[in-house]
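Colleague: What follows is a predicted protein model with its sequence.
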Amino acid sequence: MSGPLTAREAARRLYVLTCTRWFPVGLVVGILILFQTERGLSITQAATLASITGVTIFLLELPTSGFADAVGRRPVYLASAVLNVAAGLALAVSQSFAAFAVAAVLTGAFRALDSGPLEAWFVDAVHAEEPGADVDQQLSRSSTVLGGAIAVGALLSGGLIWWDPVARLGHPGHALDTAVWVFAALNVVHLVASALLVHEPRHDGGSRRERLVGALREGRQSPRVVADGIRLLGRNRVLLALVCVELFWSVGMIVFESLMPLRLEELVGSAKDAGALVGPVAAAGWGVFAGGSWLAGVASGRLGVARAAMLGRVLNALGAVVMGLVTGPVGLVVAYLFTYSMHGMNGPPHAALLHREAEARNRSTVLSMNSMVAFLAFAMAAPAVGALADGTSLQVAMTTAATFSVLGVVLYVPARRRELERVAEPEIVPT
């Protein structure tokens, strides 16, 4: 590299890498469970794979959090990109639960390493040119690129499955396979782009080996970090209730994230037809999610943050109940879009309530605890909901999980009381 990057150059590379990272995800995000069940897995087994990925992320998130700081952003980001390629290939060739489980572990390890290094590299590059400069606008554009990349990828996935080019060439097979193989190939493109675009100056904080040892030492502190978080929750009942909302929210997500494609397959008659529809529907879902996030701001301003969160939770859960009750594909898609928009509406006020209870010294711990509870809740509930679907029906499993999800609204009551107390506090007028 001839010299340090300018802030503008770093931003362009951030947008490109965000696209190469998330565009392939759009190809499989809606069809993954269809692909797994088409290759012979039961719903319980497919749901268990999601749990394996979640538990892997949970176990590795904290131990790997210091690696990028210790050994450099580039090597950690490249390692994650390599694992992404391995996970994609493992998924494409899997034919048994054991093989899919290997792919799930690789995916979890990739996501644990992937979270953070690119953004940290970008902020470092900007601050090298403009110390202390705000990067909120660039990160906002990056989020827009992320959502757009997934939406376009989902549309391409639906088109590929509908077109089924392999079958048209005289090699009949499973239409979903094409989308998964394209996903795996595009992960290689992301690896190459990462190697070409992510550069950083030599680290001057000791040898790489010394810094790696330090990162491993920091990783061993993970149990202490979890214990500190648990003690924090024990001291703050409002915060404990907010974090426990994730127990219900995550169960509701199983309905519209995992079971919806399978229910659509039941209603349209084949995995191929469902896969062709899921792509455009998932793309539309990202659009209504953004609309729901905007609506959250309106509701918070008019109702208060806590009541906006409560309204979003109730409507999201009721939408998921309707998804389980409808008996036609059009009704399912409409209910899904409504549910996903309310998913977007619930997120911002929930985050705002968390930040109200956090302080500068423990804000990261609060956010980590909320995320970790969500991962664990999904990991524990997904196999149970899958088993219920296998033992009864998808409709029973969807309506049961969605009904359970609505109960989470009760856990916003302490935050609402705290909010009313804040409003009622008398204003101190200087004399």
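Modeller: Okay, I see it.

Colleague: Near residue 192, how many other residues are there?
Modeller: Counted with other CB atoms under 10 Å, residues neighbouring residue 192 total 12. Where C-beta positions appear, they are placed from N, C-alpha and C, glycine not excepted.

Colleague: residues contacting it?
Modeller: Neighbour list for residue 192: empty [criterion: CB atoms under 8 Å, 6 or more residues apart in numbering].

Colleague: do residue 20 as well
Modeller: Residue 20 touches 186, 189, 190, 193, 194, counting by CB under 8 Å, 6+ apart.

Colleague: Please give the element, helix or strand, for the fourth one.
Modeller: Pointing back at residue 193 there. Taking DSSP states H and E as the criterion, residue 193 maps to helix 175-197.

Colleague: mind listing what's buried in that helix?
Modeller: 175-184, 186-187, 190-191, 193-194, 197 (16 or more other CB atoms under 10 Å).

Colleague: Now it: average pLDDT?
Modeller: If you average the pLDDT over helix 175-197, you get 95.

Colleague: for that helix, the distance to its chain's centre please.
Modeller: Computed by CA atoms, centre = their mean, to the nearest Å, the chain-centroid distance of helix 175-197 equals 19 Å.

Colleague: For the closest residue to residue 280 other than its chain neighbours, which residues are in contact?
Modeller: Using CB to CB, 6 or more residues apart in numbering and skipping the chain neighbours, the partner closest in space to residue 280 is residue 158 (5.1 Å). Residues in contact with residue 158 (CB under 8 Å, 6+ apart) are 275, 276, 277, 278, 279, 280.

Colleague: What segments of the stretch 51-200 of the chain are strands?
Modeller: Remark: strands of the stretch 51-200 of the chain are absent; assignment by DSSP state E, counting those that start in this stretch.

Colleague: So, low pLDDT: which residues of it?
Modeller: Across the stretch 51-200 of the chain, the ranges flagged by pLDDT under 70 are 62-71, 134, 136, 140, 168-173.

Colleague: ok, and the closest non-adjacent residue to residue 315?
Modeller: For residue 315, the closest residue by CB to CB, 6+ apart turns out to be residue 342, at 4.3 Å.

Colleague: Tell me how far that neighbour lies from residue 381.
Modeller: Noted for residue 342: a distance of 19 Å to residue 381, by CB to CB, to the nearest Å.

Colleague: ok, the two, which is more surrounded?
Modeller: Shown here are residue 342 and residue 381; by other CB under 10 Å, residue 342 has more neighbours (27 against 22).

Colleague: who's in contact with that one?
Modeller: Each residue near residue 342 by CB under 8 Å, 6+ apart is listed here: 292, 312, 315, 316, 319.

Colleague: mind giving me the domain split of this structure?
Modeller: Per the record, the chain has its domains at 1-220, 222-412, by automatic domain parsing.

Colleague: The stretch 251-400 of the chain: helices as residue ranges?
Modeller: Remark: helices of the stretch 251-400 of the chain, listed N- to C-terminal, are 260-268, 271-303, 305-325, 329-357, 363-391, 394-406; assignment by DSSP state H, counting those that start in this stretch.

Colleague: Ok, which of the ones you listed comes nearest residue 166?
Modeller: Closest to residue 166 of these is helix 271-303 (CB to CB; 11.9 Å).

Colleague: what angle do that closest one and helix 175-197 make?
Modeller: Angle, helix 271-303 to helix 175-197, by axes from the mean of the first three to the mean of the last three CA atoms, to 10 degrees: 60 degrees.

Colleague: I'd like the mean pLDDT over helix 271-303, please.
Modeller: Here the average pLDDT along helix 271-303 is 88.

Colleague: Report the spatially closest residue to residue 267, excluding sequence-adjacent ones.
Modeller: Using CB to CB, 6+ apart and skipping residues adjacent in sequence, the residue nearest residue 267 is residue 329, 4.4 Å away.

Colleague: Kindly give the local confidence score, pLDDT, for that neighbour.
Modeller: With respect to pLDDT, residue 329 scores 96.

Colleague: coming back round to it: got JSON lines for the contacts of residue 342, with distance to residue 137 too?
Modeller: Formatted as JSON lines, those follow (distance: CB to CB, whole Å):
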{"residue": "292", "distance to residue 137": "23"}
{"residue": "312", "distance to residue 137": "27"}
{"residue": "315", "distance to residue 137": "31"}
{"residue": "316", "distance to residue 137": "30"}
{"residue": "319", "distance to residue 137": "33"}
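
Colleague: Lowest-confidence one in those?
Modeller: Least confident of those in the model: residue 292, at 87.

Colleague: quick one, helices of the stretch 101-250 of the chain?
Modeller: Under DSSP H, counting those that start in this stretch, the stretch 101-250 of the chain gives helices at 117-129, 136-163, 165-168, 175-197, 208-219, 222-235, 237-253.

Colleague: quick one: contacts for the nearest residue to residue 179 once chain neighbours are set aside?
Modeller: In space, and not counting its chain neighbours, residue 179 is closest to residue 157: 4.5 Å by CB to CB, 6+ apart. Residue 157 is in contact with 26, 27, 28, 30, 31, 179, 275, 278, 279, counting by CB under 8 Å, 6+ apart.

Colleague: now residue 157: how far from residue 261?
Modeller: 12 Å.

Colleague: Pretty sure residue 193 sits against residue 14.
Modeller: No - counting by CB atoms under 8 Å, residue 14 is not a contact partner of residue 193; they are 11.6 Å apart.
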